[in-house]
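# Provided below for reference: sequence and predicted model.
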Amino acid sequence: MKILYMGTPDFAVKPLKALIENKYDVCGVVTQPDKPVGRKAILTPPPVKIEAENAGIKVYQPQTLKNGEGIEILKETNPDVVIVVAYGKILPKDFLEFSKYGCINIHGSILPKYRGAAPIQRCVLDGEEYAGVTAMQMDVGLDTGDMLLVEKTKIGENETSGELFDRLADMGAQLLIKTLDKLQKDELKPEKQNDEESTYASMLDKSMSPVDWNNSAQQVHNQIRGLDPWPVALTVYNGKTLKLFRSYLTDSLGSGEAGTVKAVKEGLAVFCGDGKPVIITEVQYEGKKRMKAADFLRGNPIPDGYSLLKDC
RNA sequence: CGCGGAGUAGAGCAGCCUGGUAGCUCGUCGGGCUCAUAACCCGGAGGCCGUGUGGUUCAAAUCCCACCUCCGCAA
């Protein structure tokens, strides 16, 4: 079974590793071109490329798959099946249909919900109870292909998108191996998606970062953990941005006015629109490193009852 | 040359402008109080103040210069 693997970010590394460990014949890896990253705009290769090169697999980084450029790669590598995990580009119809078993995608949600770019983060942001991964036979639509296998998991109360990402990447890797196994035994039963139940998980951006303390504590908590590795929830303190990384809910502090602050042992409690507090445990102040909220408070004491709303 | 912040005790910060004894909150160690404590009281240890074989000065954490590292914004 010859496999062409397509993927770009960290999420796609684990499934690729799984293929290699399970002795699948990965005849090539397609990933996005290197991109400038960071303050110095250093050209950085995608995580998948690094992994592939370590394994001695040939890497392709086409700017586009259109105009037959994708087909060229297929002709050269001649795979039986193409595996796509968070590649980041649309695959044209002729590309999808070229190889024997077409293109199979591992998607980070329980389809048909959360089709699109940011399914994992959207699940957390929405406060969903379950997340999962779906193996799907790709068609020309966006995550609309027939479902092959699904794996579900419960989202932890305080789990961040980043943590869920890691877990789902492992699950996706296992699911991929299972899918290929069944594919070879001809045991897969494609199932159509119910389009009426579908939802779309659009990309995140920085405009989602500012916290509105008038929202409920649960909403704020979901925002903080949902935006965790990026773009990160933030509020303004003393005219400077304060990033909020981790939080949890409690009902042991009574209630307070939206936006007001109280220092507690675990960190910084901020009361929200429904009068309940969210305890913030990890922050980063502008120009400073990420640190425990309790540490931040030692050097930047905020008086109890201070309102963050007037800073926004 | 994209804009900007920061490197001082184990942690987080102040001190720098207006050079002259190393300071705060917390942790840690010892003691006390308490039925008890993440509470309170007393005491102690712990710093080549990012690097320089730099400059100015009677004297540099502090002023000037160069370099290193970390970070926020923008992309």
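Here it is on my side, so go on. Residues are numbered from 1 along each chain as shown, chains lettered A, B, ... in the order given.

# for stretch A:21-29, buried residues please.
For stretch A:21-29, the neighbour count (16 or more other C-beta atoms under 10 Å) marks A:24, A:26, A:27, A:28, A:29 as buried. Bear in mind the C-beta positions are built from the backbone N, C-alpha and C, glycine included.

# any idea which residue of chain A lies closest to RNA strand B?
residue A:299 (2.5 Å; C-beta to the nearest atom of the strand).

# got a list of what that residue touches?
Not one residue lies near residue A:299 by C-beta atoms under 8 Å, 6 or more residues apart in numbering.

# for the closest residue to residue A:122 other than its chain neighbours, phi and psi?
Leaving aside its sequence neighbours, residue A:122 sits nearest to residue A:201 (C-beta to C-beta, 6 or more residues apart in numbering; 3.9 Å). In terms of degrees, to the nearest 10, the main-chain angles of residue A:201 are phi -100, psi 90.

# what distance do you get for the residue of chain A closest to RNA strand B to residue A:246?
Residue A:299 sits 19 Å away from residue A:246, taking C-beta to C-beta, to the nearest Å as the criterion.

# could you look up the SS state of the closest residue to residue A:89 other than its chain neighbours?
Residue nearest to residue A:89 in three dimensions, not counting chain neighbours: residue A:65, with 6.2 Å by C-beta to C-beta, 6+ apart. Taken by DSSP: H, G, I helix; E, B strand; the rest coil, the conformation at residue A:65 corresponds to coil.

# got the contact list for residue A:65?
Taking C-beta under 8 Å, 6+ apart, we find residue A:65 in contact with A:89, A:90, A:91, A:92, A:95.

# write out the residues of the stretch 101-250 of chain A neighbouring RNA strand B.
Within the stretch 101-250 of chain A, the positions adjacent to RNA strand B are A:206, A:241, A:243 by C-beta under 7 Å from any atom of the strand.

# and the residues you listed, which are buried?
Among those, those buried by neighbour count (16+ other C-beta under 10 Å) are residue A:243.

# nearest to residue A:117 among the residues of the stretch 101-250 of chain A next to RNA strand B?
residue A:206 (15.2 Å; C-beta to C-beta).

# which residues of chain A score low on pLDDT?
Filtered on pLDDT under 70, chain A yields the residue ranges A:312.

# just to revisit the earlier point, quick check: phi and psi at the residue of chain A closest to RNA strand B.
The phi/psi pair for residue A:299 (degrees, to the nearest 10) is phi -90, psi -20.

# equivalent analysis for residue A:65, please.
According to degrees, to the nearest 10, residue A:65 has phi -100, psi 0.

# and if you look at residue A:76?
phi -70, psi -40.

# just how off-centre is the stretch of helix or strand residue A:163 belongs to within its chain?
Residue A:163 is part of helix A:161-184 when elements are defined by DSSP states H and E. The chain centre lies 14 Å from the centre of helix A:161-184; the measure is C-alpha atoms, centre = their mean, to the nearest Å.
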